[in-house]
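A.B. asks: this one's structure only:
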């Protein structure tokens, strides 16, 4: 007897969460036809499993079914990010950058800006990449994405040398204000103390 497609969908999701990518892909593969109203979910699971299996070249093609889903899928934004990462891993960051730029307004932040920074860096646009890493670091200080930005910014500052555009005083003070608002008082204090010698005039005051 044929298995229950909803049960298979749940099993595929559980396998994906358990990083059993081969099992997830096998279960999710046939489900788009068996559960047409949930095809975007099963397709997302299949694409995520293929990405976990390092089959990066397959991922964007699979995800096209999510982008073209009607009505618009709630997984569309996540699928843009996954496709961009797959393109970058597959050595085609230009394709991923195009997807991110085309759908920028729908990307969740700061994940979208971090994905753009990585794609821009991969295509050699280090100056613009630095500006997006700054947006992540200064605009979303409490996010997980911000934790990877300092190392990238240090690397790009060295690579760009005199062409590197430092963050504005407003951005630096804004980051400290966000840390205060988020209750990260010791971190905010350390950063504000460091800014005293960097700023002047009204910003220093």
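C.D. replies: Sure thing, it's come through. In this text the structure is predicted, and so the values were computed from the model without any measurement.

A.B. asks: So residue 71 versus residue 14, what's the distance?
C.D. replies: Summarising the geometry, the distance separating residue 71 from residue 14, computed by CB to CB, to the nearest Å, is 27 Å. (Each C-beta comes from the backbone N, C-alpha and C, glycine too.)

A.B. asks: Show the contacting residues for the nearest residue to residue 140 once chain neighbours are set aside.
C.D. replies: Leaving out its chain neighbours, the residue that sits closest to residue 140 by CB to CB, 6 or more residues apart in numbering is residue 110, at 4.1 Å. Taking CB atoms under 8 Å, 6 or more residues apart in numbering as the definition of contact, the neighbours of residue 110 are 135-136, 139-140, 143, 145-146.

A.B. asks: same deal with residue 198?
C.D. replies: Under the contact definition (CB under 8 Å, 6+ apart), the residues listed for residue 198 are residue 172.

A.B. asks: any idea how far it lies from residue 168?
C.D. replies: When distances are taken as CB to CB, residue 198 and residue 168 turn out to be 12 Å apart.

A.B. asks: Could you do residue 195 as well?
C.D. replies: Applying CB to CB to residue 195 and residue 168 gives a distance of 12 Å.

A.B. asks: which of the two has more neighbours?
C.D. replies: residue 195 (16 against 12; other CB atoms under 10 Å).
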